[in-house]
Each structure stands twice: as structure tokens, then as C-alpha cells.
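*Asks:* Got a predicted structure plus its sequence, pasted below:
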Amino acid sequence: MIYLDQAATSFPKPGEVVEAVAHTLRNIPGSPGRSAHKGALAASRVLFEARERVAAFIGAEDSSEVIFTSGATEALNIVLKGFLKSGDTVVATSMEHNAVARTLKALRQQGVNVLYAPCDQEGFLILEELEKIIRTENPKLLCINLVSNVTGTIQPLAEIYPLKGENTYLLVDAAQAAGHLPLEVANSAIDFLAFSGHKGLFGPPGVGVLYLRRELASQVSPLKEGGTGSRSESLFQPEFLPDRFESGTPNLPGIAGLAAGIDFVEKIGLTRLHRHETALADIFLEKIRDHPRIKIYGPKDRVRATAIVSVNVEGLPPSEVARRLDIEFDVAVRPGLHCAPLAHQTIGTYPQGTVRFSFGYFNRLHEAEKAAEALIKIAS
Ligand SMILES: Cc1ncc(COP(=O)(O)O)c(C=O)c1O
């Protein structure tokens, strides 16, 4: 199979990741922070080292600012539901994933003022509009989808920072950025950063990260309360980090796998990873660009995009194109709305959606070429 659904979840996983997950399952007989026997101490060490690993990777000053979650969805829910109260205003982009958009819809019903800053047809924020909204609405939170899972559009974060007022905090959804672009929180305007472990970071599904600036932790209510292994005498949730947001037995195999995935990313190097993936996207685009029945969406200047390409074939629904790619050519892609109806409204592909090809480090040149040839055959 030619697997070009890397934006959904990366495949294959590096051997080191599989090994780290298996090692934890085979050799670590305990739950971190829950006991003092040798197995539990070994589990605590795995958890601590993984937290340090993630903190170093994103440039967090203190690893307790790294919260392990079940994915980007949970990380985003913690911030949106825990930080925003009735009467607060939040501004998000019109390219958001449903992990944000559905959460905001629910919050709107609870009295949060939800606004969307418009993006253009390539998915880029219209910065003048954003500035105007921030100036007139003075939002408590600005939520930016750094890389679109539909078009690969990279928002210009450095240009957005100066537009953010002093009273506005910044949440970045980096689900499609982690492992593709550098992420640096310490000297940035980012207050909250959410990402998945199983996409560009090559970890297993079911693990993700929330980074939150230490000073803001007390202003965010936990999404869940429960056992943390700490302060068990108290019926109140601990206030200190990371325990405030990490109730329940942690997903240690997943977390160990994520740490191994980050090691892998650093071994290859972000620049090399990104260059390889985008080179494949470019070759694919080059081959299909002039076909009269294929329409390509997203940034024309591909330097401003990751290796995610959305297309449509005139006269064929995306699901039919994806079905034929799968059955006739053994090419795996994702059709439809990609859990991002707002993004499709923005780029003009709602409600039918697009066919999304997403390339990864383990894809090879001939796979990008074969996928392009298959698409051309279907379109011709
Ligand atoms: C932009 C974006 N945000 C959030 C998510 C949610 O990530 P997860 O499913 O890992 O929780 C995704 C997943 O596709 C995504 O692409």
C-alpha cells in the first residue's frame, strides 16, 4: 500500500518507537507515582524522562509545564473549557479543526463569546481583519491552528504575535505542526500549546501534550479530577503541576513511545524531515498541476505549506476518487471534510470536501509519482 494519510496518523512507526512501547509493556511492572517498589520507581523514571524530553523539544523552561493527555483534542479541551468562563471572548481562525470548533460551539451555549477571524481561500489569516477584531473585542484568548490539516497552510505566527494585545493569551493548535516545524515556547508569545503524539512525532495513538505557562495554571480549571498518586489524604485536586491536570493512571507505553518518537525526529533533524516530505508533495503537485480536471487547493507558494495537499477531480465526489485510489491503485488517502467543516467553508469546498494526500518521512519518491499517475488516470 502507498500510505498517504500521514496527517491522520503517521505510518509506519520507527522501530525505536515500537521497541520503547514494547519495552515498557514487558519490563515496567508498576504505575508511576503510585508506589515505592522498584517497578513503580522505574515507571516514575520513564514518565519523568519523557516529560523532560518533551520539555526540551519545545523549549519549555520547566518540565512540569508539560501535561500528558490522550491527544491534541484533550489538550485543547483542557484550555478552552478550563480557561474560558461565561462572558469571556475567544477569537479563533476560520481554519479550525473540530477539536476546537465543536468545543467552542459547546462553550458558546454556556455564554462564552466566540468569534472567528476570517482566512483567505488559501487558508491564511487575513491579518488586518484579525487586528481589527482583537482591537475592538479585546479577547481573553486567541486560538490559532498553526498548520491546517486540510491544506497544510502554515499561519505566520511571528506576524501574529505583535497583533496580540497584552490582555490576550495565545493557544496554538500544533497537531499538524509538531514534528514538521520547530516549536519554541520559552521565548515566544505562546501561552498554551497543544499537539498529538501520533502524527509528526511518530508516537502511538492515544497520547498528546498540553504545554501551559506555569503562571496560568491556577486560572485553568482541570477537565477531570481523580487519583494522581499525590496528596491522597485530600479530596481536593492538587494545585501543583503536572498533577493538577493529570488524573488517572498514565498511558506509560504511549508516553514512552512518544519520547522515542521525539528522539527519532531529532536524530533525523526537523529540517531534513520537512525537506523530504515537502519535496514529495512538490513532485506530486508538479505532475498533476496542469491537468484540466484536477483542482488544487491551499497555498500557491508551497514554502508556506507542509506536505498536505487537498485536491478535487471535476465531476467526481471525493469519496469516489478515494475509493478508486484505494481499490484500483492501492493508494490510501482521506476524502471528505477532515473533521474541519469551517476550513472547507473557508476554501470553498463545503460540503463535499476534498481528497487529501499527506506525505511523510517514510514515503518514497516513486510513491508520490505513482499517486500522481493514479490520480491523473482517474481524472482522465
Ligand atoms: C489541526 C488538528 N487539530 C487537532 C486534531 C486532533 O488531534 P487528536 O485526534 O490527536 O486528538 C487534529 C487531528 O487530526 C488536527 O489535525
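*Replies:* Yes, it's here.
*Asks:* Leu130 reaches Pro162, doesn't it?
*Replies:* No - counting by CB atoms under 8 Å, Leu130 stays clear of Pro162, with 11.1 Å between them. In this view, the C-beta of every residue, glycine as well, is placed from N, C-alpha and C.
*Asks:* okay, the two: which has more neighbours?
*Replies:* Taking other CB atoms under 10 Å, Leu130 and Pro162 do not tie; Leu130 has more neighbours (22 against 9).
*Asks:* Then that one would be within a helix, right?
*Replies:* Yes - under DSSP: H, G, I helix; E, B strand; the rest coil, Leu130 sits within a helix.
*Asks:* which one is it nearest to, not counting chain neighbours?
*Replies:* Leaving aside its chain neighbours, Leu130 sits nearest to Ala117 (4.4 Å; criterion: CB to CB, 6 or more residues apart in numbering).
*Asks:* okay, that neighbour: pLDDT?
*Replies:* Here the pLDDT value assigned to Ala117 is 98.
*Asks:* Next: Ala372.
*Replies:* Value for Ala372, per-residue pLDDT: 98.
*Asks:* From Thr69, how far out is it?
*Replies:* 37 Å (CB to CB, to the nearest Å).
*Asks:* Looking at these two, which one has more neighbours?
*Replies:* Thr69 (24 against 21).
*Asks:* Could you double-check that that one lies in contact with Gly206?
*Replies:* No - using CB under 8 Å, Thr69 is not in contact with Gly206; the gap is 9.6 Å.
*Asks:* can you list the residues of the protein near the ligand?
*Replies:* Taking CB under 6 Å from any ligand atom as the measure of proximity, the chain contacts the ligand at Gly71, Ala72, Thr73, His97, Ala99, Asn145, Asn149, Asp173, Ala175, Gln176, Ser196, Gly208.
*Asks:* Could you list which of the residues you listed belong to helices?
*Replies:* Cross-referencing the residues of the chain next to the ligand against helices under DSSP state H gives Ala72, Thr73, Ala99.
*Asks:* Was I right to think the second one contacts Arg102?
*Replies:* No - under the criterion of CB under 8 Å, Thr73 makes no contact with Arg102, lying 9.4 Å away.
*Asks:* Give me the more crowded residue out of the two.
*Replies:* Neighbour count, other CB under 10 Å: between Thr73 and Arg102, Thr73 has more, with 21 against 15.
*Asks:* returning to what we had before: and which of the residues of the chain next to the ligand is nearest to Thr306?
*Replies:* Nearest to Thr306 among those, counting by CB to CB, is Gln176 at 6.6 Å.
*Asks:* Apart from its neighbours in sequence, what residue is nearest the closest one?
*Replies:* Val147 (3.9 Å).
*Asks:* again, but for Gly229
*Replies:* Nearest to Gly229 is Gly33, by CB to CB, 6+ apart, at 3.4 Å.
*Asks:* pretty sure that neighbour is touching Ser232, no?
*Replies:* No - with contact taken as CB under 8 Å, Gly33 and Ser232 are classed as non-touching, separated by 10.5 Å.
*Asks:* neighbour-wise, which of the two wins?
*Replies:* Using other CB under 10 Å as the criterion, Gly33 and Ser232 rank with Gly33 on top: 20 against 10.
*Asks:* Having no further points to raise, I will conclude here.
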